[in-house]
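Undergrad: Here is my input; please provide its structure:
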Amino acid sequence: MEDALAVMGYWIGLVKAAKSSIGEISRDCEERVANGTVTMEEDFREAVDSVFEALSTLQVRLEETEDSLEGELEDEEEEE
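TA: Residues are numbered from 1 along each chain as shown. Prediction:
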């Protein structure tokens, strides 16, 4: 069970890192748009927002699973 929790923590970390990267891409895009060096900004923005939303949903589900696993681990420890 502890291994499962470690894996969940790892995946949550990866999702958070990916969200951070998407945030950096989004800020870079905003700067480029402000400078007039990017075309099709609206399509790019929609794609970035979609990926960020998917990552946020995945993060929530992973955190819920992690909480559930922690509860099961606590229950197992109490039974011993």
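
Undergrad: any idea how far Asp3 lies from Leu69?
TA: Here the criterion is Cβ to Cβ, to the nearest Å. By it, Asp3 lies 10 Å from Leu69. Every C-beta, even on glycine, is put in place using the N, C-alpha and C of the backbone.

Undergrad: One more: Arg45?
TA: 36 Å.

Undergrad: coming back round to it: have a look at Asp3 and Leu69 and say which one is more surrounded.
TA: Comparing Asp3 with Leu69 by other Cβ atoms under 10 Å, the one with more neighbours is Leu69, at 16 against 7.

Undergrad: Point me to the helix or strand that includes the more buried one.
TA: Assigned by DSSP states H and E, Leu69 belongs to helix 41-79.

Undergrad: And that helix, how far out from the chain middle?
TA: 7 Å (Cα atoms, centre = their mean, to the nearest Å).

Undergrad: Just the buried residues of it, please?
TA: Of the residues in helix 41-79, Phe44, Val51, Phe52, Leu55, Leu58, Gln59, Leu62, Thr65, Glu66, Leu69 count as buried by neighbour count, 16 or more other Cβ atoms under 10 Å.

Undergrad: what residue ranges in this protein score low on pLDDT?
TA: 38-41 (pLDDT under 70).

Undergrad: if you set the cut-off to 50 instead, what comes out?
TA: Within the chain, no stretch falls below the threshold (pLDDT under 50).

Undergrad: Centre-most residue in it?
TA: Val15 (3.2 Å; Cα atoms, centre = their mean).

Undergrad: Next one: that one from Val48, what distance?
TA: In terms of Cβ to Cβ, Val15 sits 16 Å off from Val48.
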